[in-house]
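**Student:** Below are the sequence and a predicted model for it; my questions follow.
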Number of protein chains: 2
Amino acid sequence: MSLVIIGSLAFDTIETPLARKEKIVGGSGTYCALAASYFTQPKIVGVVGEDFPQEMMAYFEKRGIDLAGVKIERGKTFHWEARYGFDPNQRKTIRTELNVFKDYKPVLPPDYRQADIIFLGNVDPDQQDEIVAQAERPQLVAMDTINLWINSKPASLWKVLEKVDVFFANDEEIKMLTEEINLVKAGKKILSRGPSFIIMKKGEHGALVLGKNFVFGALAYPCEKVVDPTGAGDCFAGGFLGYLDKINSYDKASIRKATIYGSVMASFVIEDFGIERLKKLSTLEIKKRFDEFKKLVSF
Amino acid sequence: MSLVIIGSLAFDTIETPLARKEKIVGGSGTYCALAASYFTQPKIVGVVGEDFPQEMMAYFEKRGIDLAGVKIERGKTFHWEARYGFDPNQRKTIRTELNVFKDYKPVLPPDYRQADIIFLGNVDPDQQDEIVAQAERPQLVAMDTINLWINSKPASLWKVLEKVDVFFANDEEIKMLTEEINLVKAGKKILSRGPSFIIMKKGEHGALVLGKNFVFGALAYPCEKVVDPTGAGDCFAGGFLGYLDKINSYDKASIRKATIYGSVMASFVIEDFGIERLKKLSTLEIKKRFDEFKKLVSF
């Protein structure tokens, strides 16, 4: 039972029509690991600069997160700035300062190589490929990506896709990658190349999981108060993979429940800025919302 | 047990990237009544011109649809032309020839006035209001609308909303009407003015039903082959209201099942042009797909 998460640890500057938060802690690895920490004891692979807060590292450790794979480099931590419109689905990246992330190549420390589950965050697909090669006996490899790689390195991306079990992507990315308009057709095209499951994230509309002879849909929790959507996708992955690592089972019933836990974690993180809501979260609240998801769709 | 549907009977000319269909039978009343006819014996209120095919009237009757409320006027039937893009969510109206619909005012025939359920299709809200006044003891009044009335007659629209129990609308219409970006907030605003339930239609993303202290979500059936999306919303309403009329119950459990039957009927109609798929549909297929919807969301 072990989950390794490759992702970014960052400072985010987030502006919404109601507030601006300067350099709060964020990053895909941060969100994913914190969400997963409610189910298992994840290990992070990533890099920070000397300016990354010690308290944050202490908080990670308090949550049972293994930081042996986190390098501290001379320089500044990755900094991303974004602005959301009145419609929280509309996001504009204002600034991306890669800083220590620029020349960073993620490497699995020796004792991470036995991990059961590897999550390849949205780094360069060639780097994702190298990580897969370093894993010695993964039960499940999951990956995420971003438009940047779909546009700039599609061949590398397809190469990694052939080696992974679970592909997380939003609906636009799936359509773009396959040049298909129908989401189900697009998904089947990707499945034919390797992955067992595609988790199609549709934001406020939920997620659709497509496998060979398998389809499962999870609604998004109808949320009246969306404060900051940052990290929703990463928390989805963290909840999904954290749950699978906890129960150590990958059958279809587990995938269904994992999808709901992913949706639950995503629904919490957007209720406040950055990781604020996660910090206040209890396992009881998670269980309660899981049950609410059941009521939401039962007929 | 009786359901009255106020809606259009029309000729539709539909163009998709793959085919063009000239003047096939369509209209909101047609779609809604045919979908409802799999559950109950609906009554239509509408108008056609002398050119409306006799065979179609005979087919309505064969399906148990009461046509006493359909006027045949001298002139041509309402004709609507639309074009869909490669993305079937993108529709452009090319032409609207109102013809006999122009000066038509729907009136409930005397023996329709005792109806249990009244469905006010997307006609002028002032006309909807007159129909409501003619109904003598409705158990449930449902209404639909279109952007045209939201923009041109918002006050009339709100006035009818105060008198109805169920409001069908797509997510964009709900946001536009309430000037709210968050769908749940927007829905609550409408609920505070009258309706018990809002059926928020989200196309390929399904439907969200919001009531006072009630929320239920139905995914859309993941459809690989969308031939012609025309009539999906009307078939949703037909399946929803037809089922409620059949079981003669309006509690929350019934609303949940009705929503799924609405989704089922919508998922069928888009598989072929116009009413072609409905014509070939069996009650067994409907039951089968209803069960598939359950599998789609169970965890």
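**Tutor:** That came through fine. This structure is a prediction, so every number in the text was calculated from the model and none was measured. Numbers count the residues shown, from 1 in each chain, chains lettered A, B, ... in the order given.
**Student:** now the strands for chain A?
**Tutor:** Along chain A, counting by DSSP state E, strands occupy A:3-6, A:10-15, A:20-26, A:43-49, A:66-73, A:79-84, A:91-97, A:117-120, A:140-143, A:166-170, A:197-201, A:207-211, A:214-218.
**Student:** Report the central residue of chain A.
**Tutor:** Central residue of chain A (Cα atoms, centre = their mean): A:Asp234, 2.5 Å from the mean position.
**Student:** what residues are up against the nearest residue to A:Gly7 once chain neighbours are set aside?
**Tutor:** Closest residue in space to A:Gly7, ignoring its immediate chain neighbours: A:Gly29 at 2.7 Å, by Cβ to Cβ, 6 or more residues apart in numbering or on different chains. C-beta coordinates here come from the backbone N, C-alpha and C atoms, glycine included. A:Gly29 makes contact with A:Ile5, A:Ile6, A:Gly7, A:Ser8, A:Leu9, A:Ile44, A:Val45, A:Gly46, A:Gly121, A:Asp234, according to Cβ atoms under 8 Å, 6 or more residues apart in numbering or on different chains.
**Student:** who in chain A is up against chain B?
**Tutor:** Counting by Cβ under 8 Å from any Cβ of the partner chain, the residues of chain A close to chain B are A:86-88, A:181-185, A:188, A:202, A:204-206, A:208, A:210, A:215-219, A:222-226, A:253, A:256-257, A:259-260, A:294, A:296-299.
**Student:** sorry, back to before: out of the contacts of A:Gly29, which comes closest to chain B?
**Tutor:** Ranked by distance to chain B (Cβ to the nearest Cβ), the contacts of A:Gly29 are led by A:Asp234 at 21.7 Å.
**Student:** Hmm, that closest one is touching A:Cys32, no?
**Tutor:** Yes - when contacts are counted by Cβ atoms under 8 Å, A:Asp234 is listed as touching A:Cys32 (4.4 Å).
**Student:** Give me the common contacts of these two.
**Tutor:** Residues touching both A:Asp234 and A:Cys32 by Cβ under 8 Å, 6+ apart: A:Gly7, A:Gly121.
**Student:** Which strand residues bridge A:Leu208?
**Tutor:** With DSSP bridges as the criterion, A:Leu208 is bridged to A:Met200, A:Gly217.
**Student:** Run a quick neighbour tally on it.
**Tutor:** Residues lying near A:Leu208 (other Cβ atoms under 10 Å in any protein chain shown) number 26.
**Student:** Could you do A:Ser152 as well?
**Tutor:** So A:Ser152, with other Cβ under 10 Å, has 11 neighbours.
**Student:** One more: A:Leu177?
**Tutor:** Neighbours around A:Leu177, by other Cβ under 10 Å: 22.
**Student:** Quick check: chain neighbours aside, which residue is closest to it?
**Tutor:** The nearest residue in space to A:Leu177 (Cβ to Cβ, 6+ apart) is A:Ile150, at 5.1 Å.
**Student:** okay but the one you found is in contact with A:Glu179, surely?
**Tutor:** No - A:Ile150 lies out of contact with A:Glu179 (Cβ under 8 Å); the separation is 10.6 Å.
**Student:** Next, the contact list for A:Leu191, please.
**Tutor:** Taking Cβ under 8 Å, 6+ apart as the test, what A:Leu191 contacts is A:Ile198, A:Leu210, A:Gly211, A:Lys212.
**Student:** separation between the nearest residue to the third one once chain neighbours are set aside and A:Val166?
**Tutor:** Residue nearest to A:Gly211 in three dimensions, not counting chain neighbours: A:Phe197, with 4.6 Å by Cβ to Cβ, 6+ apart. Applying Cβ to Cβ, to the nearest Å, the value for A:Phe197 to A:Val166 is 5 Å.
**Student:** Likewise for A:Gly75?
**Tutor:** 33 Å.
**Student:** okay, those two: which has more neighbours?
**Tutor:** Comparing A:Gly75 with A:Val166 by other Cβ under 10 Å, the one with more neighbours is A:Val166, at 25 against 16.
**Student:** List the beta-bridge partners for the nearest residue to the more buried one once chain neighbours are set aside.
**Tutor:** Distances taken as Cβ to Cβ, 6+ apart place A:Ala142 nearest to A:Val166, at 3.9 Å, with adjacent residues excluded. On the basis of DSSP bridges, A:Ala142 is bridged to A:Phe119, A:Val166.
**Student:** My guess is A:Ala142 contacts A:Leu120. True?
**Tutor:** Yes - judged on Cβ under 8 Å, A:Ala142 makes contact with A:Leu120 at a distance of 6.9 Å.
**Student:** Counting neighbours, go ahead and name the busier of these two.
**Tutor:** A:Leu120 (28 against 24).
**Student:** In terms of secondary structure, what does the longest helix seen in chain A contact?
**Tutor:** Using DSSP state H, we find that the single longest helix of chain A is helix A:252-269. Under the contact criterion of 3 or more Cβ pairs under 8 Å, 6 or more residues apart in numbering or on different chains; DSSP states H and E, helix A:252-269 touches helix A:28-36, strand A:197-201, strand A:207-211, strand A:214-218, helix A:232-247, helix A:276-279, helix A:283-297.
**Student:** Now render the ones you listed as JSON lines, adding mean pLDDT.
**Tutor:** Formatted as JSON lines, the helices and strands packed on helix A:252-269 follow (pLDDT from 0 to 100):
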{"stretch": "helix A:28-36", "mean pLDDT": "98"}
{"stretch": "strand A:197-201", "mean pLDDT": "97"}
{"stretch": "strand A:207-211", "mean pLDDT": "97"}
{"stretch": "strand A:214-218", "mean pLDDT": "96"}
{"stretch": "helix A:232-247", "mean pLDDT": "98"}
{"stretch": "helix A:276-279", "mean pLDDT": "98"}
{"stretch": "helix A:283-297", "mean pLDDT": "97"}
